[in-house]
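*Asks:* Fold the following and give me the result.
(2 chains)
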Amino acid sequence: MTDEQDLIQRLLAGEQGAYRQLVSTYQGAMRAVATAIVGIANAEEVVQESWLAVVRNLNGFAARSSLKTWLLTITANTAKSRLRKQRREVLLDDLTGPHGSIDDRRFASDGHWAGELPLWHSDSPEALLDEQALRDCLEHTLNSLSELQRSVLLLRERQGLELTDICNLLDISHSNVRVLLHRARLSVFATLEHFEVTGEC
Amino acid sequence: MLTCKELVGRSSDLLDGELKFKQRLAVAAHLAVCLRCRRFIRQLRLSQRVIRQLPEADVAELDALLKAMQAFRRDHH
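*Replies:* Purely as a prediction, here's the structure:
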């Protein structure tokens, strides 16, 4: 029996520890999906409602998809049914993080780098994240991105979802996902670079 | 020959394996001769790993949520 099947059996048996494990593991991904669709202000409520839908439908979970895909689909559906109004336009807004992006100003007119590209002091994420100030700074950057950009970034990087899955969950086109992801990554890059150069946020 | 600016524009697609064969060759040819772009891609991959490992916020009011789920389960089964 896989870990996932084991978890489902324990959930069906009503084991409290299993529910705790389920929520702790998947809440972040569900929040990212909900935020992308209904916005941060309503995301918590959608996630709570989704959890109840999960409990209600657990007996019917047929393991045709992974548990994560199933949970995120329930979340996306709950969020979409919330959107009574016509589906909002996906705005490819230009919100960038507090340290800008890697934009035109970084390049000379011939398309080559205009100046040096600073070398970061460490090549291990653990060493970089060791500094609380940098962790706070990254949180600040993530919070400055548009809700959609942030969600797409977290679903891709932290949750490891495929681009196609993100498109399907959020009802946005493949090319929009690529643009959102790219802009978010460059904002994060700019923050890390800024911190590496100045030592502050 | 791809410029550095164009390479940066395609960098996310490179990370996600979204480049077509010819684009991949053009990127590889550029990286072979451009130190700054190699550094950029290396550090972009590093920032990707940093986000992956950035600690996630705890679930707010986890216990209250678990209680609600348990109660809901009792009512529906």
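*Asks:* Quick check: the residue of chain A nearest chain B.
*Replies:* Chain A approaches chain B most closely through A:G111 (2.8 Å), counting by CB to the nearest CB. Every C-beta, even on glycine, is put in place using the N, C-alpha and C of the backbone.
*Asks:* pLDDT wise, what is the residue in chain B that chain A sits nearest to at?
*Replies:* Chain A sits closest to B:T3 of chain B, with a gap of 2.8 Å, by CB to the nearest CB. At B:T3, the model reports a pLDDT of 96.
*Asks:* Ok, A:Q86 next?
*Replies:* At A:Q86, the model reports a pLDDT of 40.
*Asks:* related to what we said a few turns ago, which residue sits closest to the residue of chain B closest to chain A, ignoring its sequence neighbours?
*Replies:* Leaving aside its sequence neighbours, B:T3 sits nearest to A:G111 (CB to CB, 6 or more residues apart in numbering or on different chains; 2.8 Å).
*Asks:* So the one you found: helix, strand or coil?
*Replies:* coil (DSSP: H, G, I helix; E, B strand; the rest coil).
*Asks:* My guess is it contacts B:K5. True?
*Replies:* Yes - taking CB atoms under 8 Å as the definition, A:G111 is a contact partner of B:K5 at 4.3 Å.
*Asks:* and A:E193, what does it touch?
*Replies:* By CB atoms under 8 Å, 6 or more residues apart in numbering or on different chains, the contact set of A:E193 is A:99, A:118, A:120, B:43.
*Asks:* Look up phi and psi at it.
*Replies:* In terms of degrees, to the nearest 10, the main-chain angles of A:E193 are phi -60, psi -50.
*Asks:* any idea which element the closest residue to A:H174 other than its chain neighbours lies in?
*Replies:* Sequence neighbours aside, A:C167 is the residue nearest to A:H174 in space, at 5.3 Å (criterion: CB to CB, 6+ apart). Assessed by DSSP states H and E, A:C167 sits inside helix A:163-170.
*Asks:* Buried residues of that helix, list them for me.
*Replies:* The neighbour-count check on helix A:163-170 (16 or more other CB atoms under 10 Å in any protein chain shown) flags A:163, A:165-167, A:169-170 as buried.
*Asks:* Now, the contacts of A:E193 that are in helices?
*Replies:* B:Q43 (DSSP state H).
*Asks:* Compare A:G111 and B:K5 (neighbour count), which wins?
*Replies:* Taking other CB atoms under 10 Å in any protein chain shown, A:G111 and B:K5 do not tie; B:K5 has more neighbours (20 against 16).
*Asks:* Spatially, which residue comes closest to the spatially most central residue of chain A, not counting chain neighbours?
*Replies:* With distances taken as CA atoms, centre = their mean, A:L154 lies nearest the centre of chain A, 2.1 Å away. Nearest non-adjacent residue to A:L154, counting by CB to CB, 6+ apart: A:A32, 4.5 Å away.
*Asks:* Low-confidence ranges, chain A, go.
*Replies:* Along chain A, the parts satisfying pLDDT under 70 run over A:1, A:84-94.
*Asks:* Walk me through the domains of it.
*Replies:* Chain A is divided into the following domains under automatic domain parsing: A:3-82, A:104-198.
*Asks:* Next, count neighbours for B:E18.
*Replies:* Using other CB under 10 Å, B:E18 is surrounded by 15 other residues.
*Asks:* Who are the contact partners of it?
*Replies:* Taking CB under 8 Å, 6+ apart, we find B:E18 in contact with A:163, A:178, B:12.
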